[in-house]
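Participant: model the following, please.
(one chain, ligands or ions: 1)
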Amino acid sequence: MALIELDGVSKKYGDKTVLKNVSLKISEGDFVALCGMSGGGKSTLLRLISGLEKADSGSIKQENKEISTINSDARMMFQDDRLLPWQTVIQNLLFGDKSEERIKLAKRLLDRVGLIDYQNSFPASLSGGQRQRVALARALMSQPKVLLLDEPLGALDALTRRNMQDLIIKVCSETNITTILVTHDVQEAVRMADKIWIIKNQGIAKELTNPERNNQTAEAQLKKDQLVETALSCILDNN
Ligand SMILES: Nc1ncnc2c1ncn2[C@@H]1O[C@H](COP(=O)(O)OP(=O)(O)OP(=O)(O)O)[C@@H](O)[C@H]1O
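Facilitator: Take a look at the predicted model:
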């Protein structure tokens with residue numbers, strides 16, 4: 001059974017149709033990347049799954065239940081970390097609930113993202129990459145089934161971005177969390193995701209699979225390079 005299922009979903013803003021009759025299925029544990037031209041509707045699709053936006057028609061289900069309000073089993077991470085500057089790192093994770101169990105979970109997650117030594121620091125004293133690590137840990141605090149990543153690495157320098165990609169890959173595979181990543185960067189998509197879907201012409205124009213994602217051999221790398229080319233030519237093709 002699919003964890004997330006969209007059936008005939010359409011979404012307009014004013015007169016502009018952003019998504020038209022989109023149907024898709026995402027299985028538990030999948031890591032899907034959504035790529036495509038700017039304005040193609042990638043973030044809209046994420047917001048529909050998060051319940052932040054409503055579709056005009058069609059159905060959006062998680063575990064066979066219609067997502068009719070905020071999807072409490074999904075968490076989003078954005079390009080900006082959205083941390084509360086007046087709260088420490090651990091307070092940003094706890095969000096007021098200081099029960100022993102929550103503190104334990106928060107510390108475990110901070111350890112997982114390599115920031116346990118910064119638990120009492122304020123966001124302003126952290127680097128951009130460190131703040132995104134906190135944002136990742138915070139997103140995992142509710143132990144969601146689905147992680148929705150809306151260009152979370154877009155503002156990071158190349159090296160920090162690569163480290164964050166590795167961290168997200170590791171955390172997602174350890175927790176088997178179902179992940180949907182919106183990215184402009186096709187290489188990032190191929191590095192991180194098992195499936196790369198190209199959003200174009202108000203829908204999913206192509207579904208590519210990335211069976212070699214975890215394979216580091218030269219032969220696998222060649223296949224991944226070819227996948228990048230296929231994805232790019234699909235995005236850039238005017239048809
Ligand atoms: N709340 C809104 N009100 C009006 N128009 C919107 C709204 N949100 C998105 N749009 C429009 O819908 C289209 C799709 O936007 P969306 O952000 O989903 O695209 P995207 O593929 O994620 O783009 P980008 O890669 O630039 O982030 C754009 O033309 C955008 O201007």
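Participant: need the contact list for the residue nearest the centre of the chain.
Facilitator: Closest to where the C-alpha atoms of the chain average out (Cα atoms, centre = their mean) is residue 149, at 2.2 Å. Counting by Cβ atoms under 8 Å, 6 or more residues apart in numbering, residue 149 touches 76, 77, 168, 179, 180, 181, 182, 183. Backbone N, C-alpha and C define where each C-beta goes, glycine included.
Participant: what do you get if the cut-off is 10 Å, keeping everything else the same?
Facilitator: By Cβ atoms under 10 Å, 6 or more residues apart in numbering, residue 149 lies in contact with 31, 33-34, 46, 75-79, 136, 139, 168, 172, 179-183, 192.
Participant: which of these fall within strands?
Facilitator: Assigned to strands by DSSP state E, the following of these qualify: 31, 33, 34, 75, 76, 77, 179, 180, 181, 182.
Participant: between those, which is nearest the ligand?
Facilitator: Using Cβ to the nearest ligand atom, the shortest approach to the ligand within these belongs to residue 182, at 6.0 Å.
Participant: what's around that closest one, how many residues?
Facilitator: Each residue near residue 182 was counted by other Cβ atoms under 10 Å, and the total is 25.
Participant: can you read off the pLDDT for the residue in the chain sticking out farthest from the centre?
Facilitator: Ranked by distance from the centre of the chain (Cα atoms, centre = their mean), the top residue is residue 100, with 29.1 Å. On pLDDT, residue 100 comes in at 94.
Participant: and for residue 154?
Facilitator: With respect to pLDDT, residue 154 scores 89.
Participant: any idea how far residue 80 is from it?
Facilitator: Noted for residue 154: a distance of 9 Å to residue 80, by Cβ to Cβ, to the nearest Å.
Participant: show me where pLDDT drops low in the chain?
Facilitator: Within the chain, the ranges that satisfy pLDDT under 70 run 239.
Participant: mind listing the strands for it?
Facilitator: 4-13, 16-26, 31-35, 57-62, 65-66, 74-77, 146-150, 178-182, 195-200, 203-209.
Participant: if we can go back for a sec, please convert the ones in strands among the contacts of residue 149 to TSV, extending it with distance to residue 125.
Facilitator: Output for those, formatted as TSV (distance: Cβ to Cβ, whole Å):
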residue	distance to residue 125
31	32
33	32
34	34
75	25
76	25
77	21
179	29
180	31
181	28
182	29
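Participant: restrict the residues you listed to those near the ligand?
Facilitator: Among the ones in strands among the contacts of residue 149, the residues within reach of the ligand (Cβ under 6 Å from any ligand atom) are residue 182.
Participant: of all the ones in strands among the contacts of residue 149, which comes closest to residue 109?
Facilitator: Nearest to residue 109 among those: residue 75, at 12.1 Å, using Cβ to Cβ.
Participant: now do the residue farthest from the centre of the chain against the ligand, distance only.
Facilitator: Here the criterion is Cβ to the nearest ligand atom, to the nearest Å. By it, residue 100 lies 40 Å from the ligand.
Participant: next: residue 57.
Facilitator: Residue 57 sits at a distance of 17 Å from the ligand (criterion: Cβ to the nearest ligand atom).
Participant: that residue and residue 23 touch, don't they?
Facilitator: No. Contact between residue 57 and residue 23 fails when scored by Cβ atoms under 10 Å: they sit 12.0 Å apart.
Participant: list the residues that contact both of these two?
Facilitator: Common neighbours of residue 57 and residue 23, using Cβ under 10 Å, 6+ apart, are 8, 9.
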